[in-house]
Structures are given as C-alpha cells and as structure tokens.
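[1] here are the coordinates; sequence isn't available:
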Ligand code: FUC
C-alpha cells in the first residue's frame with residue numbers, strides 16, 4: 001500500500017508511504033474543497049524534490065553543523081547535504097525512504113520504518129513510528145523512535161500550509177507564541193543565545209501578516225527572504241493556548257497548532273518555485289509556510305539546548321495537534 005486516505009466531515013487527509021508524507025489536507029468548505037498543504041502530484045516528483053513537502057524528516061530535523069557531533073565521548077561524522085551541514089537527516093534520511101503502512105482505518109494511519117545509515121555514518125539501528133489520527137477538524141500526529149545504540153533523535157513532520165489553497169501566503173497572518181528566536185549564520189546554524197523578539201520582525205506574538213515579514217529589511221530576514229528560523233515556544237503542550245495560529249482573513253480559515261516540542265521552525269518558502277509538479281501544478285515562491293514542531297536546530301552540538309540524545313531502552317515521542325476552522 002503506497003498511500004492511505006483519512007476522511008471526516010471536515011477534512012480529507014492523504015498520507016504517502018514514501019517519506020511518510022502528509023501529502024494532502026483538503027478542507028470541505030461552503031465554497032468547495034480547498035487544499036491546505038503543499039504536496040506532490042506523484043511520488044516520482046517527491047523523490048526528486050528537495051523541499052520535504054509534508055515529509056517526516058529525521059533522525060534529526062533541521063541542521064547539524066558540519067555533520068559532526070560527539071556522543072558519550074565518541075565523535076561522529078555523518079553525511080552532509082546543505083552548505084556543509086546535515087539537513088533533515090542528510091541524503092539518506094527518513095524522508096527518502098519507503099515506509100510501511102502498518103494500520104489503516106477511516107480515522108488513523110500508522111507507518112513504520114526500520115532505519116540505519118550504513119553509508120552516512122549515523123549511529124544506531126533505529127525504528128521510527130508515525131501515526132496520523134483524524135477526528136473531525138483535528139489532525140494529530142505522534143512520532144516514536146527507539147534505538148539499539150546511543151544516538152540522536154529529533155524527527156519532525158515538515159508540512160507547508162497555505163490556507164488560501166493557491167497563490168502565496170503573503171496575505172495570511174501568523175501568530176507564534178514565542179518570546180525568543182534563534183538567529184542564524186549564513187548556513188542556517190543558530191548563533192549565540194536565543195534573542196528576545198521585542199522590537200524585531202520576529203515578534204509574531206500578536207500576529208503578523210506574512211507579506212510584511214517577507215518585505216522586512218532586518219538582516220536576518222533579508223538573508224533568508226523572510227523567515228527560516230526556530231522560535232523558542234512559550235506555549236508548549238497539547239492543551240491550553242496553541243503555540244501557533246495561521247489565519248487567512250480573506251476566507252476566514254484558520255489553523256491552530258499545539259505541540260509538546262520546544263520550538264517551531266517557521267520557513268516562509270523561499271525557492272518553492274523549484275517545485276514544478278505540485279498537487280495543482282507548479283508552485284511559486286512563498287506558496288506555503290512550513291510550520292515544523294521540533295527541537296532546536298543543531299542541539300547535537302549545543303549543551304545549552306534541550307538534549308536530543310536517545311539511548312537504548314528509551315523511547316522518543318513527539319505529538320502535534322492541528323485544528324482547522326474552515
Ligand atoms: C526548512 C528550512 C530549510 C530548508 C528546508 C527545505 O526546514 O529550515 O532552510 O530550506 O525547509
């Protein structure tokens with residue numbers, strides 16, 4: 001089975017075995033069906049792509065500086081794939097694999113991947129599980145990971161959202177409950193301590209029109225054509241205030257997100273025009289905003305960040321919940 005589709009009155013959700021990708025989220029609205037996430041028309045396009053549309057990336061989401069880290073006194077050098085760094089698990093990461101769909105019902109789909117990195121040098125034989133559950137207008141995903149040797153575990157789902165269903169996200173309003181952000185060097189690696197967002201274009205706590213963030217003349221925004229940064233979440237947890245909310249004022253559609261992860265990487269989609277075979281044809285730059293619930297980037301090399309270490313006998317888990325109002 002290469003895919004499975006979940007349905008409720010409010011949403012239709014398609015998950016692909018290749019990359020365990022959330023390939024489609026369709027809202028059933030009064031105006032008809034609207035695609036809320038970016039996806040690929042075919043798995044051939046997905047295999048050729050480099051934007052990780054909806055994929056489950058890992059073992060470590062985001063970047064590991066220089067592809068190097070030390071675990072229990074042993075230095076590991078793993079394959080790199082992004083300006084000298086390892087991005088989203090490297091060239092042979094979870095998202096490049098065909099996962100096995102182990103359970104498929106009307107309201108949930110579970111996938112499993114046994115992964116090791118014979119050529120890339122990553123430690124451990126890992127077993128990853130992912131379950132998407134659809135309940136009405138809520139879509140929850142749970143990731144689990146175990147290992148037989150001390151390793152790094154910080155996988156995440158990499159969906160790009162566009163509540164308008166087409167065009168860019170410029171007129172959509174993003175709220176992120178984070179009073180600190182990680183500023184980055186010119187290869188995307190966080191530098192220094194988390195920075196207070198007050199007085200910067202990265203203060204998203206009261207909601208910001210994404211077009212304004214794209215047009216910002218802040219050096220951190222210019223460098224990535226908008227936002228490609230990890231926000232240190234104030235609101236962590238699966239209840240209470242959502243950590244983030246995206247709203248499309250024109251249609252009234254909204255997405256709220258809760259997570260148990262400590263940060264949210266926001267990527268406003270510079271370069272997406274390279275995806276020529278999206279669900280509905282070619283995408284344009286900023287066709288979606290990636291909202292990635294994960295640990296801090298490069299935590300493997302930063303003892304001051306929450307640890308991504310995983311030992312045999314332990315189970316990593318990560319849960320994220322979406323609620324769509326359409
Ligand atoms: C996000 C970004 C990266 C990269 C990738 C496709 O996770 O942090 O910069 O472009 O998506």
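    Everything's here; your move. Remember, it's a predicted structure, so these values are computed and weren't measured experimentally.
[2] residue furthest from the geometric center of the chain?
    Each residue of the chain has a distance to the centre, and by CA atoms, centre = their mean the biggest one is for residue 73: 30.2 Å.
[3] how close does that residue sit to the ligand?
    30 Å (CB to the nearest ligand atom, to the nearest Å). All C-beta atoms are positioned from the backbone trio N, CA, C, and that covers glycine.
[4] spatially nearest residue to residue 109, not counting backbone neighbours?
    Excluding its sequence neighbours, the residue lying closest to residue 109 (CB to CB, 6 or more residues apart in numbering) is residue 4, at 4.3 Å.
[5] endpoints of stretch 176-184, how far apart?
    18 Å (CA to CA, to the nearest Å).
[6] just the buried positions in it, please.
    176, 177, 178, 179, 180, 181, 182, 183, 184 (16 or more other CB atoms under 10 Å).
[7] which ones among the residues you listed map onto strands?
    If you go by DSSP state E, those have 176, 178, 179, 180, 181, 182 in strands.
[8] mind putting these in CSV, distance to the ligand included?
    Below are these laid out as CSV (distance: CB to the nearest ligand atom, whole Å):
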residue, distance to the ligand
176, 15
178, 16
179, 21
180, 17
181, 13
182, 11
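[9] export these to CSV and tack on pLDDT and distance to residue 50?
    As requested, these are exported to CSV (pLDDT from 0 to 100; distance: CB to CB, whole Å):
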residue, pLDDT, distance to residue 50
176, 98, 25
178, 98, 27
179, 98, 32
180, 98, 29
181, 98, 25
182, 98, 23
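[10] who's in contact with the host helix or strand of residue 145?
    Residue 145 belongs to strand 138-147 when assigned by DSSP states H and E. For strand 138-147, contacts defined as CB atoms under 8 Å, 6 or more residues apart in numbering pick out 11, 13, 22, 25, 56, 58-59, 124-133, 153, 155-157, 310-312, 314-324.
[11] equivalent analysis for stretch 171-181, please.
    For stretch 171-181, the surrounding residues in contact (CB under 8 Å, 6+ apart) are 162-164, 194-198, 200, 202, 204-211, 213, 229-235, 241-250, 263-264, 266, 289.
[12] pull the distance from stretch 268-287 to the chain's centre.
    16 Å (CA atoms, centre = their mean, to the nearest Å).
[13] check whether that stretch comes near the ligand.
    No: applying CB under 6 Å from any ligand atom, one finds stretch 268-287 separated from the ligand by no less than 6.9 Å.
[14] related to what we said a few turns ago, just the contacts of stretch 171-181: which are in strands?
    195-196, 208-209, 229-233, 244-248, 263-264, 266, 289.
[15] if we can go back for a sec, from the contacts of strand 138-147, list just the buried residues.
    Using 16+ other CB under 10 Å, the buried members of these are 11, 13, 22, 25, 56, 58-59, 124, 126-133, 153, 155-157, 310, 316, 318-324.
[16] what are the phi and psi values at residue 95?
    phi -70, psi -10 (degrees, to the nearest 10).
[17] touching, it and residue 52? I think so.
    Yes: using CB atoms under 8 Å, residue 95 makes contact with residue 52 at a distance of 5.6 Å.
[18] could you tell me which residues touch both of the two?
    19, 88, 158.
[19] ok, the strand holding residue 145: who's next to it in the sheet?
    strand 126-135 (antiparallel), strand 316-325 (antiparallel) (DSSP bridges).
[20] which parts of this protein sit against the ligand?
    Where proximity means CB under 6 Å from any ligand atom, the interface of the chain facing the ligand comprises 51, 52, 188, 228, 265, 267, 290, 292.
[21] near the fourth one, how many other residues are there?
    Number of residues near residue 228 (other CB atoms under 10 Å) recorded here: 19.
[22] so who does the residue in the chain positioned nearest to the ligand touch?
    With CB to the nearest ligand atom, the shortest gap between the chain and the ligand falls at residue 267, namely 3.9 Å. Residues near residue 267 by CB under 8 Å, 6+ apart: 160, 227, 228, 289, 290, 292.
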